[in-house]
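A.B. asks: Kindly return the folded structure for what I paste below:
(one chain, ligands or ions: 2)
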Amino acid sequence: MSDIPAILSVQSHMQLPRNDELIDTMPCPSTTAMSIERTRGEIARIVNGEDDRLLVVVGPCSIHDPDAALDYAQRLSEIKAQFENTLCLVMRTYFEKPRTTVGWKGFIYDPKLDGSADMRTGLIKSRDLLLNINALGLGTATEFLCPLNALYIADLISWGAIGARTTESQTHRELASALPCPIGFKNSTDGNIQIAMNAIKAAQSEQIFCTTIRNGKFEAVQSTGNQNCHLILRGGRQPNYYSADIEQSVVLLKSVSLTTNIMVDCSHGNSQKIHSNQVVVAGSLCEQISSGQQNISAVMLESYLEAGSQKISSTGNMVYGQSVTDSCIGWDDTCQTLDMLSEAVVRRRNLSTTSHTLPIELSRSAV
Ligand SMILES: O=C[C@H](O)[C@H](O)COP(=O)(O)O
Ligand SMILES: C=C(OP(=O)(O)O)C(=O)O
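C.D. replies: Numbers count the residues shown, from 1 in each chain. Ligands and ions are numbered 1, 2, ... in the order given. Alright, predicted model coming up:
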């Protein structure tokens, strides 16, 4: 006789630590908590248009090897200070992957990459990696996919995404309304922006939903609403990173009084999943930014130590620092792209300084 009440058809189950137990045994040190709070504040100012730097969410498509991810984080934290004046660098640390149909669902679900689905280890090691990366003074970004998994790591995340496959989901909008970090909502996989705008409205609002905070007890909670939400253009059937796409999105966002500060994802629908195209997309964004486009406030890049991607192999014969999900640009291209983005911000800044300081007749004739 099964000990599972007749509410779900399951063929196996594994006891997991409660979210508060895991947080209590792997707490966030106060210096790290202060650094996360600072990064969230910087990001909030960028997405609300009060800081003219670019937020750059950069890192692997997914975490599958914590050593390589930490290696990448170390490199990124070493170059972070050199861009501080123009870019706010935050590392992609994606532990859950939304699949179009089926496939490896990410490190939280299957940290051994072999279908053994040791979620207990996945949750512990994900939290451990986040603690280590944040201890470097580098903020972390993730896609919040399972609202329960979020409860194990959200205190360590500086920026979150709701993905193209879940932006329309009420459950994800409720979660976003309670998350303590800025949240970007992606357009849908077919390119629909309206659903992301609806999502932002919903996430800004107070929401009542069911969750657990302490003692594994479920409660009805009322969220505060999250005022730091923004749109992410990730492409759909067609790319949507061109200036006409940005301008059209700005008009739509303005018409419903939402922030017009947009993130553009250089990967996914915008790169047609060809990693080298990310550099082309970033190049176009740099041209737009350099010529004064103020609404591009954030950029996403899928980048890892090695370019490309590989299949998960049971022989253990895998390339160190290469993606096992979408293909990524390699480290050298990443550094060049960051340089290019940084220069574009300087040009945009110079343009706006010039137009502010020039006598009005001169600045008009310059336009
Ligand atoms: O970012 C990763 C993928 O684009 C996303 O998880 C969907 O992947 P899939 O179409 O290979 O399932
Ligand atoms: C899955 C992702 O993106 P999207 O939701 O745009 O497909 C991602 O950023 O990893």
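A.B. asks: When you work out contacts or count neighbours from here on, use the C-alpha atoms and nothing else.
C.D. replies: Fine.
A.B. asks: Pull the residues that contact whichever strand or helix holds I36.
C.D. replies: Here I36 sits within helix 30-47, counting by DSSP states H and E. Contacting residues not belonging to helix 30-47 are listed as 51-55, 88, 131, 134-135, 137, 139, 156-159, 181-182, 228-230, 259, 261-262, 297-298 [CA atoms under 8 Å, 6 or more residues apart in numbering].
A.B. asks: Now intersect those residues with the helices, please.
C.D. replies: Of the contacts of helix 30-47, the ones assigned to helices by DSSP state H are L131, N134, A135.
A.B. asks: Please identify the buried residues of whatever helix or strand E247 lives in?
C.D. replies: Assigned by DSSP H and E, E247 belongs to helix 243-255. Buried residues in helix 243-255, defined by neighbour count with 16 or more other CA atoms under 10 Å: S243, I246, S249, V250, L252, L253.
A.B. asks: Next, work out how far apart the third one and S126 are.
C.D. replies: With distances defined as CA to CA, to the nearest Å, the gap from S249 to S126 amounts to 35 Å.
A.B. asks: One more: the last one?
C.D. replies: Taking CA to CA as the criterion, L253 is separated from S126 by 35 Å.
A.B. asks: likewise the second one?
C.D. replies: Distance from I246 to S126, counting by CA to CA: 35 Å.
A.B. asks: Tell me which residue in the stretch 101-250 of the chain sits closest to ligand 1.
C.D. replies: The nearest approach of the stretch 101-250 of the chain to ligand 1 comes at T101, 5.7 Å away (CA to the nearest ligand atom).
A.B. asks: Number of residues surrounding the residue in the stretch 251-367 of the chain that ligand 1 sits nearest to?
C.D. replies: When scored by CA to the nearest ligand atom, the stretch 251-367 of the chain has D326 as its residue closest to ligand 1, at 5.3 Å. By other CA atoms under 10 Å, the residues close to D326 number 19.
A.B. asks: That one: which element?
C.D. replies: Using DSSP H and E, D326 is not contained in any helix or strand.
A.B. asks: show me the contacts for the residue lying closest to it once chain neighbours are set aside.
C.D. replies: Excluding its sequence neighbours, the residue lying closest to D326 (CA to CA, 6 or more residues apart in numbering) is C61, at 5.9 Å. By CA under 8 Å, 6+ apart, C61 lies in contact with R92, Y94, E302, S303, S323, T325, D326, S327, C328.
A.B. asks: Next one: the first one from ligand 2, what distance?
C.D. replies: The one in question is R92. 9 Å (CA to the nearest ligand atom, to the nearest Å).
A.B. asks: what about the closest residue to L156 other than its chain neighbours, how many neighbours?
C.D. replies: For L156, ignoring the flanking residues on the chain, the nearest one in space by CA to CA, 6+ apart is L130 at 6.4 Å. The tally of other residues near L130 (other CA under 10 Å) stands at 22.
A.B. asks: what sits against L130?
C.D. replies: Here L130 is in contact with T93, T140, L156, I157 (CA under 8 Å, 6+ apart).
A.B. asks: now these in a markdown table, with pLDDT, distance to D332 and neighbour count?
C.D. replies: Putting the contacts of L130 into a markdown table (pLDDT from 0 to 100; distance: CA to CA, whole Å; neighbours: other CA atoms under 10 Å) gives the following:
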| residue | pLDDT | distance to D332 | neighbour count |
| --- | --- | --- | --- |
| T93 | 99 | 20 | 28 |
| T140 | 99 | 21 | 27 |
| L156 | 98 | 28 | 24 |
| I157 | 99 | 26 | 29 |
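A.B. asks: Any buried residues in the longest helix seen in the chain, and which?
C.D. replies: For the chain, the helix with the greatest residue count under DSSP H is helix 331-357. Neighbour-count burial for helix 331-357 flags 331, 333-334, 337-338, 340-349, 355 (criterion: 16+ other CA under 10 Å).
A.B. asks: go on, stretch 197-217?
C.D. replies: Within stretch 197-217, the residues scored as buried using 16+ other CA under 10 Å are M197, A199, I200, K201, A202, A203, Q204, S205, E206, Q207, T211, T212.
A.B. asks: and what of stretch 263-274?
C.D. replies: Residues M263, V264, D265, C266, S267, H268, G269, N270, S271, Q272, I274 are the ones in stretch 263-274 that count as buried (16+ other CA under 10 Å).
A.B. asks: Quick one: mean pLDDT for that stretch?
C.D. replies: Here stretch 263-274 scores 98 as its mean pLDDT.
A.B. asks: Please shift the residue numbers so they start at 45 in all later answers.
C.D. replies: I'll keep to 45 as the first residue from here, and by that count the last item is stretch 307-318.
A.B. asks: export it as PDB, just CAs?
C.D. replies: These are the backbone C-alpha positions of stretch 307-318, laid out as PDB (Å, rounded to 0.1, in the frame of the first residue of the first chain):
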ATOM      1  CA  MET A 307      16.600  44.700 -21.900                       C
ATOM      2  CA  VAL A 308      17.600  43.100 -25.200                       C
ATOM      3  CA  ASP A 309      18.600  39.400 -25.100                       C
ATOM      4  CA  CYS A 310      21.300  38.900 -27.700                       C
ATOM      5  CA  SER A 311      20.600  35.100 -27.700                       C
ATOM      6  CA  HIS A 312      17.500  32.900 -28.200                       C
ATOM      7  CA  GLY A 313      15.100  34.200 -30.900                       C
ATOM      8  CA  ASN A 314      17.400  37.200 -31.500                       C
ATOM      9  CA  SER A 315      20.400  35.000 -32.400                       C
ATOM     10  CA  GLN A 316      18.300  32.200 -33.900                       C
ATOM     11  CA  LYS A 317      20.400  30.100 -31.300                       C
ATOM     12  CA  ILE A 318      23.600  30.600 -33.400                       C
END
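A.B. asks: Since that was my last question, I'll sign off now.
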